[in-house]
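**Student:** Sequence and predicted structure are below.
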There are 2 protein chains.
Amino acid sequence: MRFTLTKEFMELVRQKIVEQDSLWVKENVLELHYADIAEILDALSNEEAKYIYFLVDENTQADILMELDEDVRDRFLASLTTKEIADQLENLDSDDAADILGELSDEQIHEVISQMEDDEAAEDIVDLLNYDENTAGGLMQKEFIQANMNWAVDRAIVELRRQAEDVEKVYNIYVVDDLNKLAGILSLKRLLFASPKTIISEIFQSKNIISVKTSDSDEEVAKIMEKYDLVAIPVVDFQNKLVGRITLDDVVNIIKEGADKDFQLASGISERIESNSSIWRISRARLPWLLIGMVGGIFSAQVISQFKTGISLVPSLAFFIPLITATAGNVGVQSSAIVVQSLAKGNDQFDSIIPKLLKEGLVGLLNGAFLSLLIYGIAFVFSSTTLGFVVSISLLVVVFFSAIIGTLIPLLLHKKNIDPALATGPFITTLNDVLGLFIYFTVGMLLYNL
Amino acid sequence: MRFTLTKEFMELVRQKIVEQDSLWVKENVLELHYADIAEILDALSNEEAKYIYFLVDENTQADILMELDEDVRDRFLASLTTKEIADQLENLDSDDAADILGELSDEQIHEVISQMEDDEAAEDIVDLLNYDENTAGGLMQKEFIQANMNWAVDRAIVELRRQAEDVEKVYNIYVVDDLNKLAGILSLKRLLFASPKTIISEIFQSKNIISVKTSDSDEEVAKIMEKYDLVAIPVVDFQNKLVGRITLDDVVNIIKEGADKDFQLASGISERIESNSSIWRISRARLPWLLIGMVGGIFSAQVISQFKTGISLVPSLAFFIPLITATAGNVGVQSSAIVVQSLAKGNDQFDSIIPKLLKEGLVGLLNGAFLSLLIYGIAFVFSSTTLGFVVSISLLVVVFFSAIIGTLIPLLLHKKNIDPALATGPFITTLNDVLGLFIYFTVGMLLYNL
């Protein structure tokens, strides 16, 4: 039932392209779902992909184009003339067309727009280009179905049939008043089962209509659609006039990107990159955090050098430096990850900081006590009791403070409206390293009476 | 337009509950969207929440129940009698009802089911309980709309009106043949605009219908719905008979949980926990990784102890232990995060391991060279050139190997069908610590001629 791409099939496709066997391609590739065709094109070279793409009918071309990997699509579009790009845009949804145009230079945009034949579509796209791409306005599409609340059902169906040609997926009809202000929503289900002469205002839903403003951020839109379980949301301007709609598939990407971004930030990667980004870009995205780590390492060296005489007298103290720093780092990352995730979900807005710190402190004491006892047990067996005591006591203290810092810093950043995901990963690890070493050597000096 | 929960409003709600002011609650709370009411109940005590909940009409109760925080819902249901639970279940979608029942003991399930009045609904729920909760069968609901391909449009509309009462969100009508096998899909839009005597088989879409089997995993379902841009997907059994549907809102959670799970695993948290889980559970979830880190720390201590004489002679070598381990860890986590994310997206199935390793190796050399030069520069200014040279050379080597290991391990785990997210975080950090220290001290011994 479902298509699975195999190496063998790809080799066959390549061979048939070389042979220019359009009949085979039509029968074996073009019959597939557009998402599968896009997957095939992703794996082909630009020239090979073009051969298949231009065998496809216009509407499916648009669907395929939007399913391609971003890099593949950029490469593909770069190889087209402005006239060819204009032709492609006419078949796209306005939001997708605007996204593609947004990647071009002002000059190219001008050329492409002037070569579009459908003036209305061109106008819609130009209008969408005005919105910041990270707002509801930048996400919305101009394709939606609307009905006036004073229409009768039979008139509405005639009007809707006309509008519906442009709109691929219809979930709801947006009901407006005479001033084009959003008044409510009518489900297709209700319309289907209503008698022809009923007035829409009698059957539409006007209570608790959720909409977003063009200026709302994309993350806000994603949160709202998730919270209210919506597959599509109407977008209004500042006068509450209906100007567009956003569908869930566009928002799923934002939800995923948000989670990916947090993960990357926590892993010390400061720009959005993918595994196929260029080596320079990957390197650049990673350097800031590595530098922070290095600065932390230099601070740690400073801390340790303060205990130089101690180390000369008891060199085995140095053996457990990595154990202390690793544990401090791990505990910090664990604590902060939970805080970052719960902040990202928008939980806990009413809770103050103190109870969270107490809880993390308790978890820290519990885990610290367990690790402490374990390491003391191990040390006892190998009969190096003083050193074992030093490591054991300092572990308990280090785990406790690391948990507190791992919790406190993201919460404080959040209060200051800084993305708390910044705090996880290298930053907290580094801070905990320095603090952990200080605790460890202080305990060491005290217990060894140095 | 949209409701925002404030501290002041919550205080007012609590006060009105104490005063048993049901009129105020009806006017100010019950008029809100069910998702907002759920948000209010989340912030109340169980007794307070119950007061409001039982003022709500039955259908909205079901919606609210499914929007509550999982912990709040569990606590709430635990305080109800089996009869009360049975009443709630009758208004829920079958998938939600089965999820809730699945949390109860076998005895309780039996009691609740026997107290349900709607036998058909009870049967649907019992049927759903048979499926593993992580499969399409466990995700699907029994509420969907189906039409026989041989029906005329007018007959279909009559039948659908009857079915549609149970189905809240209708996106598509599933078309079946006489054996109840899935034959295709009919959009409501097409049905709305078709003439009454048209036979459905003439207007429905039968090409490239995407469905899932009851046994497909939930992650597979999420991937397919994402790939094919679906808001709902039909579920079939092994004979291709239509048995249910899955809607995107249920799958969005899986997509998000997948990303959250990767993030938590990478942060060294081995069970799914939230910030409001109990202290014991949080501690337990974190211990495994802390133990791995500790074992790594003990290995590191072993490595360092091999170079004990060297440290006695040049104690300042110990100062840069944290710098080496922190950098090795950071580089490893960065490399593995990118690999884990691209594997989670299902990219790169055709690429072999070698080109990835080469790329990561290059990134490693580039960043390593930069950090090396920088630390050598700093050391040069402070005129401790031999030590600077040791740190600088070993950093270059350590960054290179850490990048290779950070890339290789998740890829190898993926080849062995083990979740590669396990490799990120503490595991790779620990491995890189040990390797990094070995490289550092070996370089140190060589350059100091010890």
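**Tutor:** Arrived safely, thanks for sending.

**Student:** what about chain A, any weak spots by pLDDT?
**Tutor:** A:1, A:168, A:259, A:262, A:265-276, A:345-352, A:382-383, A:423-425 (pLDDT under 70).

**Student:** So which bits of the stretch 351-450 of chain A are right by chain B?
**Tutor:** A:356, A:359, A:362-363, A:366-367, A:370-371, A:374-375, A:378, A:399, A:424-426, A:429-430, A:433, A:437 (Cβ under 8 Å from any Cβ of the partner chain). For glycine as for every other residue, the C-beta is placed from the backbone atoms N, C-alpha and C.

**Student:** try 6 Å
**Tutor:** Residues of the stretch 351-450 of chain A found near chain B (Cβ under 6 Å from any Cβ of the partner chain) are A:362-363, A:366-367, A:426, A:433.

**Student:** Tell me how far residue A:50 lies from residue A:73.
**Tutor:** Separation of residue A:50 from residue A:73 (Cβ to Cβ, to the nearest Å) stands at 13 Å.

**Student:** hmm, back to that, by neighbours, which of the residues of the stretch 351-450 of chain A next to chain B wins?
**Tutor:** When neighbours are counted by other Cβ atoms under 10 Å in any protein chain shown, residue A:426 leads these with 31 neighbours.

**Student:** which ones are touching that one?
**Tutor:** Counting by Cβ atoms under 6 Å, 6 or more residues apart in numbering or on different chains, residue A:426 touches A:268, A:289, A:292-293, B:330.

**Student:** Then residue A:379?
**Tutor:** Contacts of residue A:379 (Cβ under 6 Å, 6+ apart): residue A:388.

**Student:** quick one: which of residue A:50 and residue A:73 has more around it?
**Tutor:** Between residue A:50 and residue A:73, counted using other Cβ under 10 Å, residue A:73 has the larger neighbour count: 20 against 17.

**Student:** Residue A:256 versus the more buried one, what's the distance?
**Tutor:** Distance from residue A:73 to residue A:256, by Cβ to Cβ: 18 Å.

**Student:** What of residue A:107?
**Tutor:** The value you get for residue A:107 to residue A:256, if Cβ to Cβ is used, is 34 Å.

**Student:** Between these two, which is the more surrounded one?
**Tutor:** residue A:256 (19 against 9).

**Student:** Dihedrals phi and psi, the more buried one?
**Tutor:** phi -70, psi -40 (degrees, to the nearest 10).

**Student:** Please apply the same query to residue A:186.
**Tutor:** The phi/psi pair for residue A:186 (degrees, to the nearest 10) is phi -130, psi 120.

**Student:** Report how many residues lie close to it.
**Tutor:** For residue A:186, using other Cβ under 10 Å, the count is 25.

**Student:** I'd say it and residue A:202 touch.
**Tutor:** No. Using Cβ atoms under 6 Å, residue A:186 makes no contact with residue A:202, being 10.6 Å away.

**Student:** next one: whichever helix or strand residue A:252 is part of to chain centre, how far?
**Tutor:** Assigned by DSSP states H and E, residue A:252 falls within helix A:248-266. Mean-position distance between helix A:248-266 and its chain equals 1 Å (Cα atoms, centre = their mean, to the nearest Å).

**Student:** for it, packing partners?
**Tutor:** The contact analysis (3 or more Cβ pairs under 6 Å, 6 or more residues apart in numbering or on different chains; DSSP states H and E) places helix A:248-266 against helix A:218-227, helix B:248-266.

**Student:** Make CSV from those helices and add distance to residue A:154 to it.
**Tutor:** CSV is the format used below for those (distance: least, Cβ to Cβ, whole Å):
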stretch, distance to residue A:154
helix A:218-227, 32
helix B:248-266, 32
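
**Student:** what's the closest of those to residue B:81?
**Tutor:** Closest to residue B:81 of the helices and strands packed on helix A:248-266, according to Cβ to Cβ: helix B:248-266, at 28.2 Å.

**Student:** Quick check: next helix or strand after the closest one?
**Tutor:** Next element after helix B:248-266 (DSSP H and E): helix B:279-306.

**Student:** How many residues are close by residue A:434?
**Tutor:** Applying other Cβ under 10 Å, we find 21 residues neighbouring residue A:434.

**Student:** typo on my end, it should be residue A:309
**Tutor:** 11.

**Student:** Three-state assignment for it, please.
**Tutor:** Classification of residue A:309 by DSSP: H, G, I helix; E, B strand; the rest coil places it in helix.

**Student:** I figured residue A:402 hits residue A:332, correct?
**Tutor:** Yes. Between residue A:402 and residue A:332 there is a contact at 4.7 Å, judged by Cβ under 6 Å.

**Student:** Overlap in contacts, those two.
**Tutor:** residue A:432.

**Student:** For residue A:110, see how far away residue A:117 is.
**Tutor:** Residue A:117 is 16 Å from residue A:110, where distance means Cβ to Cβ.

**Student:** can you check residue A:130 too?
**Tutor:** According to Cβ to Cβ, residue A:130 stands 15 Å off from residue A:110.

**Student:** coming back round to it: ok, residue A:117 and residue A:110, which is more surrounded?
**Tutor:** Per other Cβ under 10 Å, whichever of residue A:117 and residue A:110 has more neighbours is residue A:110, with 12 against 9.
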